[in-house]
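1. what follows is a predicted structure for the sequence shown.
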Amino acid sequence: MKRREFIGYGTGILALAAVPSLMNAKDYRKELPDVWKITNDAAKKGASTEGIDAAIKAIFGKAVAADGSVGLKAPEIAENGAVVPVTMKADNATRIALFESANPESTVVIFDVPKDAIPEYSVRIKMQQTGTVTAVAEVDGKLHRTDKTVKVTVGGCGG
Amino acid sequence: MRIKAKSKGGKTTVKALLKHPMMSFVQAKKAGKPANFITHITAKVGDMQVLEASTSQNLSKNPYLKFAFKGDAKGKEIEITWTDLSGKSKTGKAKIK
């Protein structure tokens, strides 16, 4: 007796419910809470980028030396440290983050670039004193970094 | 919040001015109040997410934000939502011109 074993490949399609991307909202305050506590050494008065380096490592998992390849616009001299305009841009970046060496904590903002969003952002930041502003972009898993010095004539942390 | 969004040449640019004291820990200590600042901002057009930012007290008071995304979205609505350290959230909407 032949027994036909019919193995049927089910035609049921495993339907993946279309989850709006907001469900996967990336909030680094929840995901990497310690990053926001990484500080700049106050004694160095803005002159050291160690706090920036540490934050980069904590967010991206590795260090990156400044190679000037991330578009970073910031004034050479900021008259008002309370409002320093900064623009960062990196083609094809999936993440762009901004740091500074002038304030107590070094991380300013982390952008996750959604599909079809353009990796170019303008913000206004506070700088307590003269220091370095750093933009890091992640493109295809590789990191790029640009550092820029911003001289601050009137500090802007309410101090 | 104030939002200006415009589509031109296959690209939509958004400028937003969020209203928030963005009180840093240093400022809070001086004022004798709890620190509070926006920590997360998202924006979407329909179901399409166009912005995802984790922010800090290092942004200026009443944060200004300019960002863009591909595509002509004229006539559609953009929705921007922020959440702050205290857990408060606020959403603003605007028609894209």
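-> Received it, and whenever you're ready, just let me know what you need.
2. which parts of chain B sit against chain A?
-> B:11, B:22, B:24-27, B:30, B:39-40, B:42, B:44, B:47-61, B:63-71, B:83 (Cβ under 8 Å from any Cβ of the partner chain). C-beta: built from backbone N, CA, C; applies to glycine.
3. only whichever of these are buried, select them in PyMOL.
-> Selection command for PyMOL covering only the buried members of the residues of chain B next to chain A, criterion 16 or more other Cβ atoms under 10 Å in any protein chain shown:
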select buried, chain B and resi 22+24+26+27+39+40+42+44+48+49+50+51+52+53+54+55+56+57+58+59+60+61+63+64+65+66+67+68+69+83
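4. in strands only, show me the residues of chain B next to chain A.
-> Within the residues of chain B next to chain A, residues falling in strands by DSSP state E are B:11, B:39-40, B:42, B:44, B:48-55, B:64-70, B:83.
5. for residue 41, grab the count of nearby residues.
-> Since you didn't name a chain, this refers to chain A. 13 (other Cβ atoms under 10 Å in any protein chain shown).
6. my question was about chain B, not that one.
-> Count around residue B:41 with other Cβ under 10 Å applied: 23.
7. that one bridge partners, please.
-> residue B:53, residue B:82 (DSSP bridges).
8. next one: it, what pLDDT does it get?
-> Looking at residue B:41, its pLDDT is 98.
9. quick one: strands adjacent to the top strand by length along chain A?
-> In chain A, with assignment by DSSP E, the single longest strand is strand A:142-152. Applying DSSP bridges, strand A:142-152 is found paired with strand A:77-78 (parallel), strand A:131-139 (antiparallel).
10. what's in contact with that strand?
-> For strand A:142-152, the external contacting residues (Cβ atoms under 8 Å, 6 or more residues apart in numbering or on different chains) are A:49, A:56, A:60, A:62, A:64-72, A:74-78, A:81, A:84, A:90, A:93, A:102, A:127-138.
11. so which of the residues you listed belong to strands?
-> A:71-72, A:77-78, A:84, A:131-138.
12. ok, back up a step: pLDDT on the longest strand of chain A, on average?
-> The model assigns strand A:142-152 a mean pLDDT of 98.
13. centre of the chain to it, how far?
-> A distance of 12 Å separates the centroid of the chain from that of strand A:142-152, by Cα atoms, centre = their mean, to the nearest Å.
14. same check on stretch A:133-152?
-> Going by Cα atoms, centre = their mean, where stretch A:133-152 is centred and where its chain is centred differ by 9 Å.
15. which helix or which strand is home to the residue most central in space within chain A?
-> Compute the mean C-alpha point of chain A, and by Cα atoms, centre = their mean the closest residue is residue A:97, 1.8 Å away. Residue A:97 is part of strand A:95-100 when elements are defined by DSSP states H and E.
16. now that strand: how far from the chain's centre is it?
-> With Cα atoms, centre = their mean, you get 3 Å for strand A:95-100.
17. and if you look at stretch B:68-87?
-> 7 Å.
18. can you give me the neighbour number for residue B:95?
-> That count, for residue B:95 with other Cβ under 10 Å as the rule, works out to 12.
19. could I get the helix or strand of chain B at the bottom of the mean pLDDT ranking in PDB with only the CA atoms?
-> Of all the helices and strands that make up chain B, the one with the lowest confidence by mean pLDDT, DSSP states H and E is helix B:25-31; it has a mean of 93. Output of helix B:25-31 as PDB, limited to C-alpha atoms (Å, rounded to 0.1, in the frame of the first residue of the first chain):
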ATOM      1  CA  PHE B  25      20.800  71.200  36.100                       C
ATOM      2  CA  VAL B  26      23.100  74.200  36.600                       C
ATOM      3  CA  GLN B  27      20.300  76.700  36.000                       C
ATOM      4  CA  ALA B  28      17.900  74.700  38.100                       C
ATOM      5  CA  LYS B  29      20.200  74.700  41.100                       C
ATOM      6  CA  LYS B  30      20.500  78.500  40.800                       C
ATOM      7  CA  ALA B  31      16.800  78.900  40.600                       C
END
